[in-house]
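Asks: With the input below, show me the fold.
(2 chains)
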2 protein chains.
Amino acid sequence: MSSRSHPAVFPLDIEVPTQLTEGAAAAENGGGLPDDRVRMKDVQGMPGTTSGLALRLIQFAFAAVSVAVMAATTDFPSVTAFRYLVAALSLQCLWSLSLAILDIYALLVKRCLRNPRVVGFFTIGDGTTSTLTFSAACASAGITVLISNDFNNCWENHCTRFETSTAMAFVSWFAVLPSFFLNFWFMAST
Amino acid sequence: MSSRSHPAVFPLDIEVPTQLTEGAAAAENGGGLPDDRVRMKDVQGMPGTTSGLALRLIQFAFAAVSVAVMAATTDFPSVTAFRYLVAALSLQCLWSLSLAILDIYALLVKRCLRNPRVVGFFTIGDGTTSTLTFSAACASAGITVLISNDFNNCWENHCTRFETSTAMAFVSWFAVLPSFFLNFWFMAST
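Replies: Numbers count the residues shown, from 1 in each chain, chains lettered A, B, ... in the order given. As a prediction, the model looks like this:
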C-alpha cells in the first residue's frame, strides 16, 4: 500500500458552469431553458428591435396628430390645459422621433442598445414624457367633458376636435407605456 | 502498488455555494456582499415594513383630506371631473387603508408579505389606483386653472377648496408611486 494520501472527493450538488458564449446561451434559451436575464435581452419592444421602432413610430404619429388637430382650432390658446397639451405632446413627438431614428440606426448597423446606462436614460425619458402626456390628456379630457356634457356648449366650441386631440393623446400615452415598462423591467432584472 | 484506480480530481474555478439560511445571508449582505435578490427583500417601503405602512397611511390621509375638502363644496356635483375626483380618491382611500391594515397585521405577527404573487397583486392594485388618482387630479387641475386663470371666475366658485383638494390628490399620488415602483422592482428582480 502506498503511504501517499489521496485527495478526498466529496461530491457536491452544484452545477458546473459551462463556458457558453452569450450567443450560444441565447440560442439555448430559445429552446426553453429558464434564464430571465438572457431571455430579457431578446424581448421585442426593447430599444434596437423592430417592435421597439414600431412603438416609437406609433407614439410619434399619434402625438403629432393630436398636436395638429388641437393647433388647427382657433380658440385653443385661450385655455391653459389645451396649450399645455400642445406643449407636452410636442415634447412627446420630439422624444419618440429621436428614439425612432436611434432605433433605425441600431437596426441598420446591428448595434445593441441594451446597455444598462442607455436603458436607464430611456426609462427616465419615457417616464417623464409619458407622465406629461398623460397629465395633458387628462386635463384636456376634463375640460372637454366640462364643455360638452356639463355646459352643453358645443355649438360655439370645437368639441369634436378637442375630443379627437385628447383621444390621440391617450393613444400616444398607451404606446409609451410598453416602452417604459420593458425598459424598467430590463433595468430591474440586470 | 495498488491496481485500483483513484478518482481524478480537476480543480474547477467555481464558488461552492454555502448552505446559508435566508437570515444568515441577509446578515452577510448587510456586511457588504453584493446580492441584489436578498438585499431587495429588506428594502424599506415594501409591504410588511414600517416604511411601507407609513407610505400607506400618508396615501390614505391625503386622499381622505382631498375627498373631504371637495365634498365640502356645494357645487362639486355639477362638474364631472370633480365627481370623478371624489370617486377615484375614495377608491384610493379604501385601497391604502386596506393595505395599511394588512401591513399592521404583518408587522404584529412578523409575517413576511413579500411573496411574488402577493406582490404582483399589490403592484396591479397600486398601478390601477395611482393611474386613477393621477388622472382625477390632472382633470381637476385643468378645470381649476380654467376657472381661476382663464375665466377669472373665483368670486362665484370655491377656487381655494378646488385647489386644495387637487393638491392633496397629487400628494396622495406621489405617495403611491414609491409603493408601486418598489413592488414592480421586486417582481422584476425575482
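Asks: only C-alpha atoms for contact and neighbour calcs from this point on.
Replies: Fine.
Asks: gap between the residue of chain A found nearest chain B and A:M46?
Replies: Taking CA to the nearest CA as the measure, the point where chain A comes nearest chain B is A:A139, at 4.1 Å. Between A:A139 and A:M46 the distance, using CA to CA, to the nearest Å, works out to 30 Å.
Asks: Looking at these two, which is more packed in?
Replies: A:A139 (29 against 25; other CA atoms under 10 Å in any protein chain shown).
Asks: helices or strands next to the strand or helix carrying that one in the packing?
Replies: Assigned by DSSP states H and E, A:A139 falls within helix A:116-145. Where contact means 3 or more CA pairs under 8 Å, 6 or more residues apart in numbering or on different chains; DSSP states H and E, helix A:116-145 is packed against helix A:80-108, helix A:159-189, helix B:80-108, helix B:116-145.
Asks: Pull out the buried residues from that helix.
Replies: A:119-120, A:122-123, A:125-127, A:129-145 (16 or more other CA atoms under 10 Å in any protein chain shown).
Asks: Next, count neighbours for A:T80.
Replies: Neighbours around A:T80, by other CA under 10 Å: 17.
Asks: I'd like the distance between it and B:I147.
Replies: As defined by CA to CA, A:T80 lies at a distance of 10 Å from B:I147.
Asks: Endpoint to endpoint, stretch A:144-155 covers what distance?
Replies: Span of stretch A:144-155 from end to end, CA to CA: 13 Å.
Asks: Okay, now the unreliable bits of chain A?
Replies: A:1-42 (pLDDT under 70).
Asks: First residue to last residue on stretch A:108-116, what's the distance there?
Replies: 21 Å.
Asks: Residues touching that stretch, excluding its own?
Replies: A:K41, A:M46, A:P47, A:G48, A:Y105, A:A106, A:V119, A:M187, A:T190 (CA atoms under 8 Å, 6 or more residues apart in numbering or on different chains).
Asks: Would you mind checking those for buried ones?
Replies: Buried among the contacts of stretch A:108-116 (16+ other CA under 10 Å): A:K41, A:M46, A:P47, A:G48, A:A106, A:V119, A:M187.
Asks: Give me the most central residue, chain A.
Replies: A:S179 (1.6 Å; CA atoms, centre = their mean).
Asks: hmm, back to that, as CSV, the contacts of stretch A:108-116 with distance to A:L97 would be great.
Replies: CSV is the format used below for those (distance: CA to CA, whole Å):
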residue, distance to A:L97
A:K41, 23
A:M46, 15
A:P47, 13
A:G48, 14
A:Y105, 12
A:A106, 14
A:V119, 17
A:M187, 23
A:T190, 27
